[in-house]
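*Asks:* how would this look folded up:
(one chain, ligands or ions: 1)
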Amino acid sequence: MNDLAQSATPTPGAATDTALPVLESRGVGKTFRQGPQEVVVLRAVDLTIGQGERVAIVGASGSGKSTLLHCLGGLERPSSGQVLWAGQDPMRLSERERGLLRNRKLGFVYQFHHLLAEFTALENVAMPLLIGKLRPAEARERAAAVLARVGLDHRLTHKPSELSGGERQRAAVARALVTRPDCVLADEPTGNLDRHTATDVYEMMLELNAEQGTSLVIVTHDTDLAARADQIWRLDYGVLSRAAA
Ligand SMILES: Nc1ncnc2c1ncn2[C@@H]1O[C@H](COP(=O)(O)OP(=O)(O)OP(=O)(O)O)[C@@H](O)[C@H]1O
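*Replies:* Numbers count the residues shown, from 1 in each chain. Predicted structure coming up:
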């Protein structure tokens with residue numbers, strides 16, 4: 001193990017230095033193999049996300065945006081380079097340890113809400129807290145408070161099929177933020193909504209992130225929405241470069 005890897009790999013779950021970037025990719029490359037073919041999707045991507053920073057990633061379809069989010073979120077193993085969560089390489093942990101740390105440190109929002117159909121909004125939002133072993137009564141209380149914050153206090157007992165598209169995304173945002181993660185990774189979170197609702201949900205995410213001091217990495221096709229972030233990056237055939245604000 002080299003010095004860098006050693007210094008970047010504290011004990012799993014140990015408290016980490018808050019001065020470190022919340023999330024970092026260092027020279028991350030990703031190549032998928034499909035039989036004899038190699039698909040190079042990310043090329044030496046460097047990205048540093050500080051505490052509370054809001055970063056937008058834009059790029060054409062197929063440029064590698066979702067793959068980058070998956071690498072940042074420890075859902076996909078980089079083929080080269082390293083992802084660090086507050087200085088810690090999640091790929092050095094066991095899958096179970098990585099899952100627990102991910103649940104604590106990161107929140108995810110997708111284009112389609114991914115709420116569980118058989119559970120109410122309240123139960124869906126409480127789920128990450130229950131996974132984190134919080135007492136059920138406290139989990140429900142915190143979930144209800146976050147749902148109220150996203151304007152869904154009148155929809156706690158509704159199942160996803162009983163919510164509108166915008167309400168479902170609000171619930172998904174509440175679920176991502178309920179654990180007070182260091183960073184939310186959002187993949188086209190408003191891509192399935194009409195313009196007005198998309199702007200509403202996006203603004204709510206920016207507000208909530210600012211309130212909680214949570215960092216936000218948001219993939220969007222919408223350059224108007226991207227322009228509200230602190231940093232805008234463009235992926236082009238897997239190469240990440242700073243885009244003009
Ligand atoms: N598991 C995989 N195996 C092989 N190729 C893959 C795999 N996952 C993604 N790819 C390829 O990687 C490229 C980038 O995919 P990715 O989903 O990251 O793009 P994207 O920029 O998010 O696209 P979109 O905006 O359309 O969602 C695509 O060409 C895709 O086909």
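*Asks:* What residues does the protein have near the ligand?
*Replies:* Neighbours of the ligand within the chain, by Cβ under 6 Å from any ligand atom: 32, 34, 39, 41, 59, 61-67. To be clear about C-beta, it is placed using only N, CA and C from the backbone, and glycine gets the same treatment.
*Asks:* Out of the residues you listed, which end up buried?
*Replies:* When the residues of the chain next to the ligand are checked for burial by 16 or more other Cβ atoms under 10 Å, the buried set is 41, 59, 63-67.
*Asks:* Residue 176 is in contact with residue 208, correct?
*Replies:* No: with contact defined as Cβ atoms under 8 Å, residue 208 does not count as touching residue 176 (9.4 Å).
*Asks:* Now do the contacts for the residue nearest to the spatial centre of the chain.
*Replies:* The structure's the chain has its C-alpha centroid closest to residue 185; by Cα atoms, centre = their mean the separation is 1.5 Å. Shown in contact with residue 185 (Cβ atoms under 8 Å, 6 or more residues apart in numbering): 69, 72-73, 106-109, 217.
*Asks:* Also residue 65?
*Replies:* 57-59, 187, 219, 235.
*Asks:* ok, now residue 147?
*Replies:* 121-122, 125, 153, 155-156, 171, 174.
*Asks:* for residue 67, same thing?
*Replies:* Residue 67 is in contact with 30, 41-42, 76, counting by Cβ under 8 Å, 6+ apart.
*Asks:* Select only the buried ones of the contacts of residue 147 in PyMOL?
*Replies:* Buried members of these can be picked out in PyMOL with the line below, counting by 16+ other Cβ under 10 Å:
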select buried, resi 121+122+125+155+156+171+174
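*Asks:* Which of the contacts of residue 147 fall in strands?
*Replies:* Judged by DSSP state E, the subset of these located in strands is empty.
*Asks:* Turn the contacts of residue 147 into CSV, columns for pLDDT.
*Replies:* Below are the contacts of residue 147 laid out as CSV (pLDDT from 0 to 100):
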residue, pLDDT
121, 96
122, 97
125, 96
153, 91
155, 93
156, 95
171, 93
174, 92
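*Asks:* Let me know the closest of the contacts of residue 147 to the ligand.
*Replies:* Lowest distance from the ligand to these (Cβ to the nearest ligand atom) belongs to residue 171, with 22.3 Å.
*Asks:* wait, doesn't that closest one sit right on residue 125?
*Replies:* Yes: in this structure, residue 171 is within contact of residue 125 by Cβ under 8 Å, at 6.4 Å.
*Asks:* in the helix or strand where residue 203 lies, what's buried?
*Replies:* Here residue 203, judged by DSSP states H and E, is contained in helix 195-212. Neighbour counts over helix 195-212 (16+ other Cβ under 10 Å) mark 197-202, 204-206, 208-209, 212 as buried.
*Asks:* Those: which two are farthest apart?
*Replies:* Farthest-apart pair in these is 197 and 212; separation 22.3 Å (Cβ to Cβ).
*Asks:* The closest residue to residue 129 other than its chain neighbours: how many residues sit nearby?
*Replies:* Closest residue in space to residue 129, ignoring its immediate chain neighbours: residue 139 at 3.8 Å, by Cβ to Cβ, 6 or more residues apart in numbering. The tally of other residues near residue 139 (other Cβ atoms under 10 Å) stands at 22.
*Asks:* ok, now the one 4 residues further on?
*Replies:* The tally of other residues near residue 143 (other Cβ under 10 Å) stands at 27.
*Asks:* just checking, which of the contacts of residue 65 belong to strands?
*Replies:* Per DSSP E, the subset of these in strands is 57-59, 187, 219, 235.
*Asks:* Looking at those, which is nearest the ligand?
*Replies:* After measuring the ones in strands among the contacts of residue 65 against the ligand - Cβ to the nearest ligand atom - the closest member comes out as residue 59, at 5.5 Å.
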